[in-house]
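Visitor: Next comes the sequence, and after it the predicted model I'd like to discuss.
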Amino acid sequence: MKIASWNVNSLKVRIPHLTQWLADARPDVVALQETKLEDAKFPVDELAAAGYQAVYAGQKTYNGVAILARSDQGLSFADVVTDIPGLDDPQRRILAATIGSVRVVDLYVVNGKAVGDEKYAYKLHWLERVRDFLAEEIRRHPRLVVLGDFNIAPDDRDVHDPVAWGEDILCSPPERAALKALTDMGLHDSFRLFEQAGGHFSWWDYRQGAFRRNNGLRIDLILLGDALKSSARAATIDREPRRWERPSDHTPVMVELDIE
DNA sequence: ATGGTTGGCATCCAA
């Protein structure tokens, strides 16, 4: 089973890229972030034509998450959750579904703008609530995959210039501690099961030729619960779509699991 | 220190 994550930065604009990439990579499950679409405008028909069914939780202009599953695998979505229980939040940033034998939680983590900003406080609070939610999810569903745009670079290997970034947004110790609280629950960064070197990134700013110079961050992650860790066969970052014309600023990440 | 690029939507906010 191949499971992928991609922040598409507007699904409306990126549908040609997404359908091309689905045809190339043929993932079984794909978590999307920043769809920026109301549910009524979700491109159900285009994705069905590409061979994928979808669940989605969107809003106008901002945020928005979706999970796709290959139609020909006989997979269906069960126990869909679009909100953290008890958290009244209009921002569409979380979507969970059971697909086959795997529980999938798609996250579009708050960016936070800058350390000390009110959005930063919201980010840390949101991550606390996500941690509590995931503690319950992993208890109910040991075969748990938590993936998405985490807007946190786990450590300095995941930052092109750690001195310049320092303890700024996406790299600050409280953000990294919030991510570590998730990995400490037995949610393993799949990429680091296979690669220890730095310099592998999933996001590059649109400005200043950042992609060409590989000035990026690795902030798109696929975390695997203990019960799935030994099933992992590969974890990859596909830089190809970032080279295409009018790309998302993020590129897809994928894990291959040795399960049906 | 500042600004640069993109998307959505309306000429500003978010990333």
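Guide: Received the coordinates, thanks.
Visitor: What sits closest to A:Lys119 if chain neighbours are left out?
Guide: Excluding the flanking residues, the one nearest A:Lys119 by C-beta to C-beta, 6 or more residues apart in numbering is A:Lys113, at 4.3 Å. All C-beta spots, glycine's among them, are computed from the backbone N, C-alpha and C.
Visitor: how much space is there between that neighbour and A:Ile99?
Guide: Distance of A:Lys113 to A:Ile99, computed by C-beta to C-beta, to the nearest Å: 33 Å.
Visitor: before we move on, what about A:Asp155?
Guide: Going from A:Asp155 to A:Ile99 by C-beta to C-beta gives 30 Å.
Visitor: higher neighbour count, these two?
Guide: Higher neighbour count among A:Asp155 and A:Ile99: A:Ile99, with 23 against 16, using other C-beta atoms under 10 Å.
Visitor: What's opposite the more buried one in the beta bridge?
Guide: For A:Ile99, the beta-bridge partners under DSSP bridges are A:Phe77, A:Val102.
Visitor: OK, contacts around it?
Guide: By C-beta atoms under 8 Å, 6 or more residues apart in numbering, A:Ile99 lies in contact with A:29, A:67, A:69, A:75-78.
Visitor: try A:Phe201
Guide: A:158, A:160, A:214, A:216-218, A:237.
Visitor: Just give me the closest of these to DNA strand B.
Guide: Ranked by distance to DNA strand B (C-beta to the nearest atom of the strand), these are led by A:Leu217 at 11.0 Å.
Visitor: So what's the residue count around that closest one?
Guide: Per other C-beta under 10 Å, the neighbour tally for A:Leu217 reads 23.
Visitor: and it, what are its bridge partners?
Guide: The partner residues for A:Leu217, given DSSP bridges, come to A:Val159, A:Trp203.
Visitor: Output the set of residues of chain A in proximity to DNA strand B.
Guide: Residues of chain A lying near DNA strand B by C-beta under 7 Å from any atom of the strand: A:9-10, A:12-13, A:36, A:60-62, A:110-113, A:119, A:206-208, A:246.
Visitor: what sits up against stretch A:233-251?
Guide: Defining contact as C-beta under 8 Å, 6+ apart, one finds that stretch A:233-251 is touched by A:6-10, A:13-14, A:17, A:20-21, A:24-25, A:33, A:149, A:190-191, A:193-195, A:200-206, A:211, A:218, A:220, A:222, A:252-258.
Visitor: Among these, which are located in strands?
Guide: Counting by DSSP state E, the contacts of stretch A:233-251 place A:6-7, A:33, A:149, A:203-204, A:220, A:222, A:253-257 in strands.
Visitor: Buried subset of these as a PyMOL selection?
Guide: Typed into PyMOL, the line below selects the buried ones among the ones in strands among the contacts of stretch A:233-251, using 16 or more other C-beta atoms under 10 Å:
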select buried, chain A and resi 6+7+33+149+203+204+220+222+253+254+255+256+257
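Visitor: Let me have the ones in strands among the contacts of stretch A:233-251 in a markdown table, adding distance to A:Arg103 and pLDDT as columns.
Guide: Listed next are the ones in strands among the contacts of stretch A:233-251 as a markdown table, based on distance: C-beta to C-beta, whole Å; pLDDT from 0 to 100:
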| residue | distance to A:Arg103 | pLDDT |
| --- | --- | --- |
| A:Trp6 | 20 | 98 |
| A:Asn7 | 21 | 98 |
| A:Gln33 | 18 | 98 |
| A:Asp149 | 19 | 98 |
| A:Trp203 | 26 | 98 |
| A:Trp204 | 31 | 98 |
| A:Asp220 | 19 | 98 |
| A:Ile222 | 13 | 98 |
| A:Val253 | 19 | 98 |
| A:Met254 | 18 | 98 |
| A:Val255 | 14 | 98 |
| A:Glu256 | 18 | 98 |
| A:Leu257 | 13 | 98 |
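Visitor: Go through the ones in strands among the contacts of stretch A:233-251 and say which is closest to A:Met185.
Guide: Closest approach between those and A:Met185, by C-beta to C-beta: A:Ile222, at 15.1 Å.
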